[in-house]
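Trainee: Need coordinates for the below:
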Amino acid sequence: MIPTLYNRYKSYYRENLHLALPIVVSQLGHTLVHLADSVIVGHFAGTVQLAAVSLVNSVFMLVLVFGLGISNGLTPLVARENGERNHEECGKLLSVSLMINIFTGILLYLFVHFGTLLIIDHLDQSPEVVAYAKPYLGLLGISIIPLLIFQTLKQFTEGLGFTKQAMMVSIWGNVINVILGVIFVKGMFGITPMGVTGVGWSTLIDRCLMAVVMFTYVMRSKHFKTYLTGFKLGLIERTRSLRIVKLGMPVALQYLFEISAFSGAAILAGTLGAVEQAAHQVAINLASITYMMASGIAAAATIKTGTNLGRQAFTDLRRSAIASYHVTLLFMTCTALIFMLANTLLPYAYTSDMSVITIASQLLILAGFFQLFDGTQVVGLGVLRGIGDVNIPTVITFLSYWVVGIPVGYLLGIYLDWGISGIWYGLVLGLITASILLFLRFQSRTKKLLQA
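Mentor: Okay, here's the model as predicted:
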């Protein structure tokens, strides 16, 4: 059976992996920035400041993923127009998307500066943790503007099938972030040690450089000359703006509902204590790495689905999507085994605090269990996004995480006093719910396309 299945989908595996692998690396860039921040602070600044990173990431990720979701509205549109060979339209969509995302970035920064920095005082967190968290959050808030400029150009190039360039920019950006982070946090070359604020500065500098490099590449590369004939800096056009926002806004809400559930879990963990919050940060950071890998496969599935939809190649669309499910299941099975078998070793990468390591190792068992469901739900979202089906999946994500996941986590973890493990049981149940419902939606929509 397995050889027959492999032969049936062999060509799709190859195409999807060729497209997905560079996206996986560039998608990892967002998570690796926060991973690097956690590792550097955990080793050089201690448990309290690591807890501050956990608190900030849990709050800031809500803002970040909303912006990333809006920018994702560009990819399926560009892929579909490219499939129909409307090259000039791709450039016009880039123009409009760039302005939308710059405006979104400014609004999100203002939200962080005038809203989140005030709210953080009232989340029942340790005052010492909050004191370290505020300056770090302020710097991350500014960094979202250059990040969304980079992200717009990344979505444009990936929608056209050019995935390696954003990958390389992400790799070098993370190298710069780590080097500057260590220098600023530890205090090297005559610089006063900055603690957690240092990784805020390194992230801001890194994201500004990434935006400049990616913009320069797209504007000068011969690969995009045909597509940029319709590009005009500063273009705002109502019809195209609505097309992008109608896709991007539900995607932003999908991200928001899922990530906010994990952020809510971090805040619940913070009410238990700084050690529990730091342990949650370690475990969720490791799980985020594998999630972003699956998210890269899902992004490739969005591109392939959009392109096949534009060509009206519905059989290829469905088989390519199923191949993406297969690849994700195989990959997430491997990472689940790693989490379960190395659960006592992996936390040492973040901290030497044995109380944090003990709790984090227990959480990694649960993280290993939800790997398969986390991977399949994000691929389901990616495929449905490619065919323009975003509204019902948005409802599914809300129900899964905020009607099932967080209430169950609160019930078990706080009300029944199961502690941090109870909070994570709720997260697992939410992911299982999302995975099943999105797969059923995928089956229904793709079968209707074949019958059309």
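Trainee: same for the helix or strand Y325 falls within, what does it pack against?
Mentor: Secondary structure from DSSP states H and E places Y325 in helix 314-341. Helices and strands touching helix 314-341, by 3 or more C-beta pairs under 8 Å, 6 or more residues apart in numbering; DSSP states H and E, are helix 2-44, helix 274-311, helix 354-386, helix 420-451. Where C-beta positions appear, they are placed from N, C-alpha and C, glycine not excepted.
Trainee: Quickly compare these and say which is most buried.
Mentor: Neighbour counts (mean count of other C-beta atoms under 10 Å) averaged over each of the helices and strands packed on helix 314-341 peak at helix 274-311, with a mean of 26.
Trainee: chain center to it: distance?
Mentor: Centroid separation for helix 274-311 versus its chain: 5 Å, with C-alpha atoms, centre = their mean, to the nearest Å.
Trainee: From here on, call the first residue 7.
Mentor: That works, and once the first residue is 7, the last one we named lands at helix 280-317.
Trainee: Now do it against helix 426-457, angle only.
Mentor: Using axes from the mean of the first three to the mean of the last three C-alpha atoms, to 10 degrees, the direction of helix 280-317 lies 0 degrees away from that of helix 426-457.
Trainee: what about helix 280-317, average pLDDT?
Mentor: The predicted model assigns helix 280-317 a mean pLDDT of 81.
Trainee: before we move on, back to that, buried set for the helix holding Y331?
Mentor: By 16 or more other C-beta atoms under 10 Å, the buried positions in helix 320-347 come out as 320, 322-335, 337-338, 341-342, 344-345.
Trainee: Output stretch 140-154 as PDB - backbone C-alpha positions only.
Mentor: Below are the C-alpha coordinates for stretch 140-154, written out as PDB (Å, rounded to 0.1, in the frame of the first residue of the first chain):
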ATOM      1  CA  LYS A 140       8.200  47.000  29.100                       C
ATOM      2  CA  PRO A 141      11.300  48.300  27.300                       C
ATOM      3  CA  TYR A 142      11.700  45.100  25.400                       C
ATOM      4  CA  LEU A 143       8.000  45.200  24.200                       C
ATOM      5  CA  GLY A 144       8.400  48.900  23.200                       C
ATOM      6  CA  LEU A 145      11.400  48.000  20.800                       C
ATOM      7  CA  LEU A 146       9.600  45.000  19.300                       C
ATOM      8  CA  GLY A 147       6.600  47.300  18.700                       C
ATOM      9  CA  ILE A 148       8.700  49.600  16.500                       C
ATOM     10  CA  SER A 149      10.200  46.600  14.700                       C
ATOM     11  CA  ILE A 150       6.900  45.400  13.300                       C
ATOM     12  CA  ILE A 151       7.000  48.200  10.600                       C
ATOM     13  CA  PRO A 152      10.100  47.100   8.800                       C
ATOM     14  CA  LEU A 153       9.100  43.500   9.400                       C
ATOM     15  CA  LEU A 154       5.900  44.000   7.500                       C
END
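Trainee: about what we covered before: now the helix holding Y331 against helix 280-317, angle please.
Mentor: Going by the same axes, to 10 degrees, helix 320-347 makes 160 degrees with helix 280-317.
Trainee: correct me, but L387 touches T400?
Mentor: No. Counting by C-beta atoms under 8 Å, L387 sits too far from T400 to count as a contact (9.3 Å).
Trainee: Spell out which residues are contacts of both of the two.
Mentor: With contacts defined as C-beta atoms under 8 Å, 6 or more residues apart in numbering, the residues shared by L387 and T400 are Q260.
Trainee: show me what contacts V288?
Mentor: Applying C-beta under 8 Å, 6+ apart, we find V288 in contact with S44, G48, L352, P353, Y356, T357, V362, I363, A366, L369.
Trainee: Likewise for V118?
Mentor: Residues near V118 by C-beta under 8 Å, 6+ apart: F66, V69, L143, G144, L146, G147, I150.
Trainee: quick revisit: now for the contacts of V288, which pair is the farthest apart?
Mentor: Using C-beta to C-beta, the pair of those lying farthest apart is G48 and L369, separated by 15.6 Å.
Trainee: roughly how far apart are N22 and T321?
Mentor: Separation of N22 from T321 (C-beta to C-beta, to the nearest Å) stands at 15 Å.
Trainee: surely I426 meets A366?
Mentor: No. Taking contacts as C-beta under 8 Å, I426 lies outside contact range of A366: 9.5 Å.
Trainee: Okay, T163 and F237: tell me how far apart.
Mentor: According to C-beta to C-beta, T163 stands 13 Å off from F237.
Trainee: The two - which one has more neighbours?
Mentor: T163 (25 against 20; other C-beta atoms under 10 Å).
Trainee: That one: what's it in contact with?
Mentor: Contact analysis of T163 by C-beta under 8 Å, 6+ apart lists T169, Q171, A172, V224, F230.
Trainee: and the third one, what does it touch?
Mentor: If a contact means C-beta under 8 Å, 6+ apart, then A172 has P28, I29, S32, L159, K160, T163, E164, M220 as its contacts.
Trainee: Show the contacting residues for the last one.
Mentor: When contacts are counted by C-beta under 8 Å, 6+ apart, M220 touches I155, F156, L159, K160, Q171, A172, V175.
Trainee: burial measure for the third one, as a count.
Mentor: In other words, L159. Counted with other C-beta under 10 Å, L159 comes out at 29.
Trainee: That one and S227, how far apart?
Mentor: On the measure of C-beta to C-beta, L159 and S227 end up 11 Å apart.
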